[in-house]
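Novice: Sequence isn't available, so here's the structure alone:
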């Protein structure tokens, strides 16, 4: 009986790893796909390694088996995978339309937060597209977007990203940082160096150039 639990737990763990890897690698490229098509693609990405794992265990425990049963194994694993992926996306509210369509869906809607430009949101992984933007951090030619659900590194200029979040209450704190005001939980200034602590624990630097403006605006 313990081996049965180990077997199924291992398969589920492998499936989760495959799903996570798919999001990390392909979200930027498949972000504009319709959500049903994205769900099918992700379920296939999960099914492939799990099917191989099932076949390997079958071979190690029972010896060689007819290769003709591989398509059947693949089909049953895929059915389970597509159901789980679909349920997950429905629960997270990600089945409606494409990434770009969702990004613009909240424009001016009653009771919704300020709209963020699709130029920014469509570059984010699916899991972060509806998360609040806490901060933007420039890293060479890339941009790290900080959210409560994690961060993501995308190819975008900081100036373009700031233009995309102009509807949010935030400010430039450093030549390489923009911070949303509601994300700040603490402001510290010591030894001529000022920092802002975000709700995630990330510390954003404040340069002398922007410190005065932030102080006058009541950030400190």
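Specialist: Cool, the structure landed. Remember, predicted model here, so these are calculated numbers, not experimental data.
Novice: what comes up buried for the helix or strand in which residue 90 is found?
Specialist: According to DSSP states H and E, residue 90 maps onto helix 70-91. Under the neighbour-count criterion of 16 or more other C-beta atoms under 10 Å, helix 70-91 has 73, 74, 77, 78, 80, 81, 82, 84, 85, 86, 89 buried. No exception for glycine: its C-beta is placed from N, CA and C like everyone else's.
Novice: what do you get for stretch 137-145?
Specialist: 137, 138, 143, 144, 145.
Novice: can you check stretch 210-220 too?
Specialist: 210, 211, 214, 219.
Novice: which one of the residues you listed sits closest to residue 168?
Specialist: Nearest to residue 168 out of the buried residues of stretch 210-220 is residue 219 (C-beta to C-beta; 14.6 Å).
Novice: ok so the closest one is a strand residue?
Specialist: No - according to DSSP: H, G, I helix; E, B strand; the rest coil, residue 219 belongs to no strand; its state is coil.
Novice: show me the contacts for it.
Specialist: Applying C-beta atoms under 8 Å, 6 or more residues apart in numbering to residue 219 gives the contacts 171, 181, 184, 187, 196.
Novice: ok, which pair from the residues you listed is furthest apart?
Specialist: Applying C-beta to C-beta across those, the maximum distance is between 171 and 187, 12.2 Å.
Novice: Ramachandran coordinates for residue 219?
Specialist: With angles defined as degrees, to the nearest 10, residue 219 sits at phi -70, psi -30.
Novice: And residue 141, by the same measure?
Specialist: Main-chain torsions, residue 141, degrees, to the nearest 10: phi -90, psi 0.
Novice: Check whether it really touches residue 154, as I assumed.
Specialist: No - using C-beta atoms under 8 Å, residue 141 makes no contact with residue 154, being 10.5 Å away.
Novice: shared neighbours of these two, which are they?
Specialist: Residues touching both residue 141 and residue 154 by C-beta under 8 Å, 6+ apart: none at all.
Novice: re earlier: and which of the buried residues of stretch 137-145 is nearest to residue 192?
Specialist: residue 137 (21.8 Å).
Novice: low pLDDT regions in the protein?
Specialist: 1, 27-33, 91-114 (pLDDT under 70).
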